[in-house]
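Just need the structure, nothing else, for what follows:
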Amino acid sequence: MNQVIDKTAFEVEAEQLVQNQRDYFNTNATRPIGFRLEQLKKLKGILLRHEDEMHDAIYKDFGKSKYENQLVEIYPLIDEINMAIKKLKKWAQHKSVKTNLLNFPAKSYLVPEPLGVSLVIGAWNLPYNLSLTPLVGSMAAGNTTILKPSELPARTSNIMAKIINENFDSNYLRVVEGAIPETTALLKQRYDKIFFTGSPKVGKIVNKSAAENLTDVTLELGGKNPAIFTKDCALKMGVKRTIWAKFVNSGQFCITTDYALVHKDIKQEFLKLAVEEIEKNNFSRENNNYVQIINERNFDRVVNLIDPDKVYYGGTHNREERIINPTILHHVSLDDAVMQEEIFGPVLPVIEFETIDEAFDYGIT
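Here you go, the predicted model:
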């Protein structure tokens, strides 16, 4: 008996979109280097023309200022495009390699080839950077691409859809907006490459879906990476860099320091310098160097990780404005709630250690 599978309207649409992109890819239109360079330059020009709209959208989503948006989103993205334009011809060259004895006297080459249809699933914390940078890589490689931005910063998702969908053929590039149902429907399709940025939990779902078709996947996930301060470290500079990295984007940054491991002999000096550095930066929306937590669910999650008895500095917050002020926790143990998951917020736990082996044991637990 044949099984009847009911599909939603969007599943049918997604299936057709992927097929259209595969058909377009098979025409070899995306393969020439000239085409790829032309499209990359076109994307750069469009982004620069719409920069003010992009600033306005991300400010409305979670209060990110023009300065911070340029610093961590727009300029790194433009730099990525510039690098791709500059180096694409070299990247695409055939590379001569040694031929083994079995195949002698043949000549052997590595030949970079486009993969086909790619799916990029972006993250909400740096929505432009973490959605459009993988898109740039896919374009440079000669693929067609479907981009699914995070729905949480809805306005940035809207502006990316506008920029891409109004200026590029959907058979080549297409932004698909939506939430879990749309992402689920997209993942049911067959791709030649999937690039996902987000949590390990969702990464497992993406990887499982890709495995059905043996699709190659790149997962850029979070973690609990510490900064380790040894007894003889450059403490002042280390604290300066750690504090900036921890509280930029209000800690909503997958490559930031999750917690600090500090040698017991310098712990008090570390705490003192950390507070001084926070106050010197004067993190606030008014100073254009601090942002809101993305939504109330994440606000509540981060606040619940703050043990009032372990607050060394800060700990204050405003749910109506979705602001959690820079917070340092001390006397933290691995059993505390704040050490059970990636924080992804402006909270810095400090754990002391005595030997470097002990620090490494903390770091891999």
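
Which residue is the nearest non-sequential neighbour of residue 239?
For residue 239, ignoring the flanking residues on the chain, the nearest one in space by CB to CB, 6 or more residues apart in numbering is residue 273 at 4.4 Å. To be clear about C-beta, it is placed using only N, CA and C from the backbone, and glycine gets the same treatment.

give me the number of residues near that neighbour?
Per other CB atoms under 10 Å, the neighbour tally for residue 273 reads 18.

any idea which helix or strand carries it?
helix 267-281 (DSSP states H and E).

give the contact list for residue 271.
Applying CB atoms under 8 Å, 6 or more residues apart in numbering, one finds that residue 271 lies in contact with 312-313, 328, 330, 350.

can we see that at 10 Å?
By CB atoms under 10 Å, 6 or more residues apart in numbering, the contact set of residue 271 is 239, 260, 262, 312-313, 328, 330, 350.

likewise residue 141?
Taking CB under 10 Å, 6+ apart as the test, what residue 141 contacts is 30, 36, 84, 88, 91-92, 112-116, 118, 193.

For the helix holding residue 273, what is the distance to the chain centroid?
Offset of helix 267-281 from its chain centre (CA atoms, centre = their mean, to the nearest Å): 28 Å.

Just after that helix, pick out the following helix or strand.
The first helix or strand that comes after helix 267-281 along the chain, using DSSP H and E, is helix 296-303.

Where do the strands of the chain begin and end?
Counting by DSSP state E, the chain has these strands, from start to end: 95-97, 108-110, 117-121, 144-148, 173-175, 193-198, 216-221, 226-229, 259-263, 311-313, 317-318, 323-324, 327-329, 347-353.

Quick one: which of the contacts of residue 271 is the most crowded by neighbours?
The residue in those with the most neighbours, by other CB under 10 Å, is residue 262 (29 neighbours).

quick one: that one from residue 280, how far?
To residue 280, residue 262 is 20 Å away according to CB to CB, to the nearest Å.

How about residue 113?
Between residue 113 and residue 280 the distance is 51 Å, computed by CB to CB.

same check, this time on residue 187
46 Å.

follow-up on the earlier one: out of the contacts of residue 141, which one sits closest to residue 234?
Using CB to CB, residue 84 comes nearest to residue 234 of the contacts of residue 141, at 35.0 Å.

tell me, how many neighbours does the closest residue to the closest one other than its chain neighbours end up with?
Among residues not flanking residue 84 along the chain, residue 140 sits closest, at 4.3 Å (CB to CB, 6+ apart). For residue 140, the number of neighbouring residues by other CB under 10 Å comes to 23.

so what's residue 140 up against?
Residue 140 touches 33, 36-37, 39-40, 80-81, 83-85, 87-88, 91-92, 114, counting by CB under 10 Å, 6+ apart.

one more time with 8 Å
Residue 140 is in contact with 36, 40, 84, 88, 91, counting by CB under 8 Å, 6+ apart.

tell me which of these is nearest to residue 213?
residue 36 (25.3 Å).

Was I right to think the closest one contacts residue 30?
Yes: at 7.0 Å, residue 36 and residue 30 qualify as touching, with contact defined as CB atoms under 8 Å.

list residues touching both of those two?
residue 142.

what's the nearest residue to residue 275 if we skip its chain neighbours?
The shortest distance from residue 275 to any residue other than its chain neighbours is 5.1 Å, reached at residue 313 (CB to CB, 6+ apart).

quick one, what contacts the closest residue in space to residue 114 that isn't next to it in sequence?
Among residues not flanking residue 114 along the chain, residue 142 sits closest, at 3.3 Å (CB to CB, 6+ apart). By CB under 8 Å, 6+ apart, residue 142 lies in contact with 30-31, 35-36, 113-114.

again, but for residue 285
Counting by CB under 8 Å, 6+ apart, residue 285 has contacts 63, 65, 291-292, 323.

how near is it to residue 321?
8 Å.

Need the overlap of contacts for these two.
Residues within reach of residue 285 and of residue 321 at once, by CB under 8 Å, 6+ apart, are residue 292.

I figured residue 62 was touching residue 153, is that so?
Yes: shown here, residue 62 and residue 153 form a contact pair, counting by CB under 8 Å, at 6.4 Å.

For stretch 308-320, list every residue counted as buried.
Neighbour-count burial for stretch 308-320, counted by 16 or more other CB atoms under 10 Å, picks out 310, 312-315, 317.

Can you check the distance spanned by it, start to finish?
One end of stretch 308-320 sits 20 Å from the other (CA to CA, to the nearest Å).

One more: stretch 189-209?
End-to-end distance for stretch 189-209, by CA to CA: 9 Å.

Report the rounded mean pLDDT for that stretch.
Mean pLDDT, computed over stretch 189-209, is 95.

List the buried residues in that stretch.
By neighbour count on 16+ other CB under 10 Å, the buried set for stretch 189-209 is 189-199, 202-203, 205-206, 209.

between those residues, which is nearest residue 167?
Of all the buried residues of stretch 189-209, residue 195 has the smallest distance to residue 167: 21.3 Å, by CB to CB.

got a list of what that closest one touches?
Shown in contact with residue 195 (CB under 8 Å, 6+ apart): 118-121, 134, 137-138, 217-218, 220.

Does it have any beta-bridge partners, and if so which?
For residue 195, the beta-bridge partners are residue 120, residue 218 (DSSP bridges).
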